[in-house]
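Visitor: Pasted the sequence and its predicted model underneath.
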Amino acid sequence: MRPILRILAAAVLATTPVAVSWADPPPWAPAHGARAKQHRYVYYPTREIYFEPDAGLWFWLDGGDWQVGVNLPTIYQPFVTGGVHIELETDRPYTQHTYVVEHYGKGKSAKGNADMGGKGKDKPGKDHK
């Protein structure tokens, strides 16, 4: 009798339609994979300065500490040349600064800089002032 119940149960399960739907995670859930927010920056390697065009924010080193503001101090403005367009998965570019320096340089104009009409490693570039 047991084998008949197993066969009957298997037949019922095999013929019962199962609705499978893939839903997106709720908007408040953290983003992962393709949903992760990419932040665009222009990186100026001569003084290790970042500009985030979408937010209109500047990030720069001052006395060993990272500063952020809507205006770049006048003393740093002459160094805003040779920018390279990059994308990072953070709204604080200095948290990935080691990676950026390894890939785009430090203290010198980067190869393929936007000033010379070239292309950065990730995105076509234009100098931003």
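Guide: Nice, I can see it. Numbers count the residues shown, from 1 in each chain.
Visitor: P3: neighbouring residues, count only.
Guide: Counted with other CB atoms under 10 Å, the neighbours of P3 add up to 7. C-beta coordinates here come from the backbone N, C-alpha and C atoms, glycine included.
Visitor: repeat for W66
Guide: Neighbours of W66 (other CB under 10 Å): 15.
Visitor: Quick check: closest non-adjacent residue to it.
Guide: Once flanking residues are discounted, W66 sits nearest to Y94: 4.3 Å by CB to CB, 6 or more residues apart in numbering.
Visitor: now swap in Q67 and tell me
Guide: W60 is the one closest to Q67 (CB to CB, 6+ apart), at 5.6 Å.
Visitor: what's the spacing between that neighbour and I4?
Guide: 78 Å (CB to CB, to the nearest Å).
Visitor: now do V80
Guide: 81 Å.
Visitor: With D54 instead?
Guide: D54 is 66 Å from I4, by CB to CB.
Visitor: Repeat that for Y41.
Guide: 68 Å.
Visitor: same thing with V101?
Guide: 71 Å.
Visitor: Those two: which has the busier surroundings?
Guide: More neighbours surround V101 than the other of V101 and I4, with 14 against 8 (other CB under 10 Å).
Visitor: show me what contacts the closest residue to L61 other than its chain neighbours?
Guide: Spatial nearest neighbour of L61, chain neighbours left out: E48 (5.6 Å); criterion: CB to CB, 6+ apart. E48 makes contacts with W60, L61, H97, V101, K106, G107, as judged by CB atoms under 8 Å, 6 or more residues apart in numbering.
Visitor: Now intersect these with the strands, please.
Guide: Mapping the contacts of E48 onto strands (DSSP state E) picks out W60, L61.
Visitor: Let's see the ChimeraX selection covering just the buried ones among the contacts of E48.
Guide: Entered in ChimeraX, the line below selects the buried ones among these, by 16 or more other CB atoms under 10 Å:
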select :60,97
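Visitor: what about W66, distance to R2?
Guide: 70 Å.
Visitor: What sits closest to D62 if chain neighbours are left out?
Guide: P73 (7.8 Å).
Visitor: got the residue ranges for the strands in the protein?
Guide: Taking DSSP E, the strands of the chain run over residues 39-44, 49-52, 57-62, 65-69, 84-88.
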